Every structure is written in structure tokens, then in C-alpha cells.
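# Predicted model follows, preceded by the sequence.
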Amino acid sequence: MTDVKDDNKSRLPRTDIDKIIHEPARLKILAQLYVVENADVIFLMRRTGLTQGNLSTHMSKLEAAEYIEIRKEFVNKKPHTLLSLSDKGRSAFRSYIKNMKEAFEELIDW
């Protein structure tokens, strides 16, 4: 007697989950940027719980993937960094959500 269906023994893990987005810190950043036009570093640090250094590292990876756009400016002679989700990032985030929903549905149906 087995609890697992025989046809699921050879089931392979999904390969369509975006590994860049799937990392928890980057997922938090993208989720925040998905619902706003843009956000500054302080806002994202507060909303994600990331340190400035950690946020900066993940920003670099997201920028390299062209998922976010970073604009640096000065406000009252102080540096100010704004982040926004690029069109590519918005599309990738939507695909990520769709693929994760499908992955969970597959688990439930398993």
C-alpha cells in the first residue's frame, strides 16, 4: 500500500520558478514595488526589514536582471535613491505569481 500515486514517482520539480524573484528578500522588494509607482531606499528598508547593505546587494541583482530601475538624485543636497519596477520586472513578477499558484495547485492535486 502506498500513499503516492505511481504516476507521480517520476514527477520532476518545476523549472519555471524564477530563481531571481524566489529569493525571499528579493520577493519582498518586488512585492512592495509592484503596488507603488516608485519607492525610496528608506521606505523599502522599513517595509522589508532589510538592512541598507542587504537591500543594496539585492537591488544590484534585480537591476542586473533588468527587473528594477534605480534613479539617484539629490534632495536638499542629500542623496536620494528611488526604485521602480521595470516593465520586464512587472511581467516577470506576474509570471512568478502565476507559476507559484500552479505549483501549489499541483501539490494540492497530488
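Here it is on my side, so go on.

# and F74, helix, strand or coil?
strand (DSSP: H, G, I helix; E, B strand; the rest coil).

# Quick check: the gap between it and L82.
12 Å (C-beta to C-beta, to the nearest Å). (Glycine included, C-beta is placed from N, CA and C.)

# same deal with I42?
11 Å.

# quick one, strands of the chain?
39-40, 68-75, 78-85 (DSSP state E).

# Name whatever forms a beta bridge with H80.
Under DSSP bridges, the beta-bridge partners of H80 are E73.

# isn't it right next to D40, touching?
Yes: using C-beta atoms under 8 Å as the test, H80 is close enough to D40 to be in contact (6.2 Å).

# give the contact list for K61.
I20, R26 (C-beta atoms under 8 Å, 6 or more residues apart in numbering).

# again, only this time at 10 Å
I20, E23, A25, R26, I29, Y67, I68 (C-beta atoms under 10 Å, 6 or more residues apart in numbering).

# so how far is A65 from the second one?
It refers to E23. 11 Å.

# swap in Q32?
17 Å.

# can you check I97 too?
For I97 relative to A65 (C-beta to C-beta), the value is 17 Å.
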